[in-house]
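*Asks:* turn this into a structure:
(chains A, B, C and D)
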Protein chains: 2
Amino acid sequence: MRPTVHDIAAKAGVSLATVDRVLNNRPGVRGVTRDKVERAIETLGYVRDVAAANLAKSRSYPLVFILPEGDNTFMRGLAAEVEAAKARSAIERTAITILSVPAFDRVALARALGEARALGPAGVAVVAIDAPEVVAAVDALRSDGIAVVTLVSDLPGSTRDHFAGVDNVAAGRTAGALMGRFLGGRDGPVAIVAGSMLVRDHRDRVEGFSAAMAESAAGRQLLPIVEGHDDPAEVERLVGGLMADHADLAGIYNLGAGNRGLIAALEASGRGKDVCAVAHELTPHSRAALTSGTIDALLNQDAGHEVRSAIRVLKARADGLAVISAQERIRIEIFLKDNLPVDPA
Amino acid sequence: MRPTVHDIAAKAGVSLATVDRVLNNRPGVRGVTRDKVERAIETLGYVRDVAAANLAKSRSYPLVFILPEGDNTFMRGLAAEVEAAKARSAIERTAITILSVPAFDRVALARALGEARALGPAGVAVVAIDAPEVVAAVDALRSDGIAVVTLVSDLPGSTRDHFAGVDNVAAGRTAGALMGRFLGGRDGPVAIVAGSMLVRDHRDRVEGFSAAMAESAAGRQLLPIVEGHDDPAEVERLVGGLMADHADLAGIYNLGAGNRGLIAALEASGRGKDVCAVAHELTPHSRAALTSGTIDALLNQDAGHEVRSAIRVLKARADGLAVISAQERIRIEIFLKDNLPVDPA
DNA sequence: GCATTTTTGATTTACGTACATCAAAAATTC
DNA sequence: GAATTTTTGATGTACGTAAATCAAAAATGC
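*Replies:* Next up is the predicted model:
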């Protein structure tokens, strides 16, 4: 049977109250007594029953999620996952507030972080934009003792507790390696379509992609990066332009959202299948394009995993506990037409 | 504030005892009363506090893990993950017993399942061998009301509750697609090295690989499958033979364990880098070989995830609860030299 | 050695649920 | 309508921890 506080008290020859004082480091315990208790804890291998403790404390975790608005499927999916987590609030003892801000608007984001701070939550999860005012707002939260996790896009210069997202440099490198291998002997330049170079995840992907292309396809020309702002219509216009301007275009890497636009433009051009396309995020649209051969490879991050991981980490940090980092590593999935999961994602 | 049993009692105008009778469907409640209570539960949106309930029940989950013995890194890693889970027993209210059986020995496995049954646990996780006596032993456990999860290798003909592992047909297809693309114009046959065709996961991988190769590299000759029994020494011997017999060998797919043997044989041959090698499982050895270029792609399943998922599912099934299937899907990771995780796995 | 401060003990209540017991009320049978 | 059965209420204990109170004991200062 697992030892309880009573067992420690008995073993250490002290009262329950003293054990409680030691466990929750309340004042009024002499060093010697504290040592006695800690030895008893050690030898008995006592671990606090977190469930019972939370019950006794009737602990709850008010959390704030700050998400960008926008028309793209990935962010809408992310929002849906946060809603799903909200529906589990009762079970998980969380109380989730969602704040929406215009995409790529650093000022609005900093303001939203201020709002979140005013709510005095236990933790905040935010899709970050890499800008000084955002860093300042995050640091302000942290100095209030509020846990902060960046979601999808990181903010390395800040004091955020954790980043719940994929290694985007590695994602870019993977895209580059696949592109290099898939292009084979084909000639012609490769285009890069980003959402916005304001966000860290997109910058990281560009960096990784360029590096891997330089290795696996040395000498291949990379066209200047264009920004589609994760908007399908804008991406369609941009890709249409690229196809028109470069008759010998060999590949396109769309590292942001707006795959609908990419696919539409590729298909409209009539040479969609000749261009090697690598993109991010598995959605009904991108899945269909992968199956049909318009897209050659998809890199995916699971929004549900990211949201659940963010919540786990926020709760743990709010309690001052450590996290199992291996469990919180978000994986990059690679989908080819041959390994699509059965369940339509 | 989240509603409790007291709130239901008040809302329904009945006593706490009656609410308890309804919630835990104990006898002695009239239909009308039951309905009243259920309506109150519905309108208040009550959800049982599982932590408090488990505390009150002082629930614990005795589990048995049945793992194959053997010298390969993957299975040793799997065992280590089970040990790690065992170390978390106190926190997770589990009591884990590990049974080891000789690899690929169906009779010993069936006997071990019988032993497990005699222990009367809440659930059993087993690395299955696809054989009638194993199916029978699993079904016997199930008919005792013991939850059963297959781990890594499935047993589709049985009544097991769940399979905690990857979609191995998809894994094989992915390997085939990568091989097809990576081979490019190179001529020559492709070899397949399995562990044993007795286990379902290996059979599934062969099926998927063959199908994908037929599509993406039609006409490519596949050599007859050889079995290395997940043993590094045996695999080294086999691959050495293949290299010697087929001077024009274009690719090797090692779908079982024993990568150390594969790598050693490839490197010894002197033409290791000319042969496209696809293998499974990221280990220190395979990682080094991927970095050096001896192996071209690695498919990986995360043993830690599989073990944790198996435990979650076993606990849920023991309580008769549903599982969030999206959360329990084990992903196939694809590693190229460019997207290796920083942390040495 | 006395007063003062610090440390410790004993005890109680609470968290939300499970489970048991016994009495009271209501419904059913004949 | 009395006897019986079924249903319901009231109440208490337990799970393991948190948190508070008040009294008792021990250590400290001078």
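*Asks:* low-confidence stretches in chain A?
*Replies:* Low-confidence segments of chain A (pLDDT under 70): A:343-345.
*Asks:* what does it have sitting close to DNA strand C?
*Replies:* By CB under 7 Å from any atom of the strand, the part of chain A that sits against DNA strand C consists of A:13-18, A:21, A:27-30, A:32-34, A:52, A:55-56, A:58. Yep, even glycine has a C-beta here, placed from its N, CA and C like the rest.
*Asks:* return the distance of whichever residue of the stretch 151-300 of chain A sits closest to DNA strand C relative to A:G304.
*Replies:* Ranking the residues of the stretch 151-300 of chain A by distance to DNA strand C (CB to the nearest atom of the strand) places A:D161 first, at 28.0 Å. Taking CB to CB, to the nearest Å as the measure, A:D161 falls 21 Å from A:G304.
*Asks:* what's the next secondary structure element after the strand or helix carrying A:A112?
*Replies:* Assigned by DSSP states H and E, A:A112 belongs to helix A:106-118. Tracing the chain past helix A:106-118, the next element assigned as helix or strand by DSSP H and E is strand A:123-126.
*Asks:* what packs against the helix or strand that that following strand is followed by?
*Replies:* Once the chain leaves strand A:123-126, the next helix or strand it forms, by DSSP H and E, is helix A:132-143. In terms of contact count using 3 or more CB pairs under 8 Å, 6 or more residues apart in numbering or on different chains; DSSP states H and E, helix A:132-143 is assigned the packing partners helix A:106-118, strand A:147-151.
*Asks:* would you reformat the ones you listed as TSV and include distance to A:D230 and mean neighbour count?
*Replies:* Output for the helices and strands packed on helix A:132-143, formatted as TSV (distance: least, CB to CB, whole Å; neighbours: other CB atoms under 10 Å in any protein chain shown):
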stretch	distance to A:D230	mean neighbour count
helix A:106-118	15	18
strand A:147-151	15	25
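*Asks:* now do the helices in the stretch 151-300 of chain A.
*Replies:* A:168-183, A:200-216, A:232-245, A:259-269, A:284-292 (DSSP state H, counting those that start in this stretch).
*Asks:* quick check: angle from the fourth one to helix A:232-245?
*Replies:* So that's helix A:259-269. Between the axes of helix A:259-269 and helix A:232-245, defined by axes from the mean of the first three to the mean of the last three CA atoms, to 10 degrees, the angle is 30 degrees.
*Asks:* again, but for the longest one
*Replies:* With the same axes, to 10 degrees as the basis, helix A:200-216 and helix A:232-245 are set at 30 degrees to each other.
*Asks:* can you list contacts of helix A:200-216?
*Replies:* Contact with helix A:200-216 is made by A:128, A:130, A:152-156, A:165, A:167-177, A:179-181, A:190, A:192, A:194-197, A:220, A:222, A:225, A:253, A:255-256, A:280, B:338, as judged by CB atoms under 8 Å, 6 or more residues apart in numbering or on different chains.
*Asks:* at 7 Å instead, please
*Replies:* Applying CB atoms under 7 Å, 6 or more residues apart in numbering or on different chains, the set of residues contacting helix A:200-216 from outside is A:128, A:130, A:152-156, A:165, A:168-173, A:175-177, A:179-181, A:190, A:192, A:194-197, A:220, A:222, A:225, A:253, A:255-256, B:338.
*Asks:* what do you get for the last one?
*Replies:* By CB under 7 Å, 6+ apart, the surrounding residues in contact with helix A:284-292 are A:T73, A:N259, A:R260, A:I263, A:A279, A:I295, A:L298, A:F335, A:K337, A:L340, A:P344, A:A345.
*Asks:* CA atoms of that helix as PDB?
*Replies:* Extracted in PDB, the C-alpha atoms of helix A:284-292 (Å, rounded to 0.1, in the frame of the first residue of the first chain):
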ATOM      1  CA  PRO A 284      -9.300  18.200 -46.500                       C
ATOM      2  CA  HIS A 285      -8.000  20.400 -49.300                       C
ATOM      3  CA  SER A 286      -4.400  19.600 -49.000                       C
ATOM      4  CA  ARG A 287      -5.200  16.000 -48.500                       C
ATOM      5  CA  ALA A 288      -7.100  15.800 -51.800                       C
ATOM      6  CA  ALA A 289      -4.300  17.600 -53.600                       C
ATOM      7  CA  LEU A 290      -1.800  15.200 -52.200                       C
ATOM      8  CA  THR A 291      -3.900  12.200 -53.400                       C
ATOM      9  CA  SER A 292      -4.300  13.700 -56.800                       C
END
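*Asks:* what about that helix, distance to the chain center?
*Replies:* The gap between where helix A:284-292 is centred and where its chain is centred comes out at 23 Å by CA atoms, centre = their mean, to the nearest Å.
*Asks:* how about it: buried residues?
*Replies:* Across helix A:284-292, burial judged by 16 or more other CB atoms under 10 Å in any protein chain shown covers A:H285, A:S286, A:R287, A:A289, A:L290.
*Asks:* walk me through the domains of chain A.
*Replies:* The record, using automatic domain parsing to delimit domains, assigns chain A the ranges A:5-44, A:57-164+A:303-328, A:168-300.
*Asks:* residue numbers of the stretch 101-250 of chain A in contact with chain B?
*Replies:* Residues of the stretch 101-250 of chain A lying close to chain B by CB under 7 Å from any CB of the partner chain are A:A170, A:R173, A:T174, A:G176, A:A177, A:R181, A:F182, A:G184, A:A212.
*Asks:* ok, and the most crowded of those?
*Replies:* Within these, neighbour counts (other CB atoms under 10 Å in any protein chain shown) peak at A:G176, which reaches 32 neighbours.
*Asks:* what's the nearest residue to A:V64 if we skip its chain neighbours?
*Replies:* Using CB to CB, 6 or more residues apart in numbering or on different chains and skipping residues adjacent in sequence, the residue nearest A:V64 is A:A116, 4.2 Å away.
*Asks:* so A:K315 sits in a helix?
*Replies:* Yes. The assignment for A:K315 is a helix, going by DSSP: H, G, I helix; E, B strand; the rest coil.
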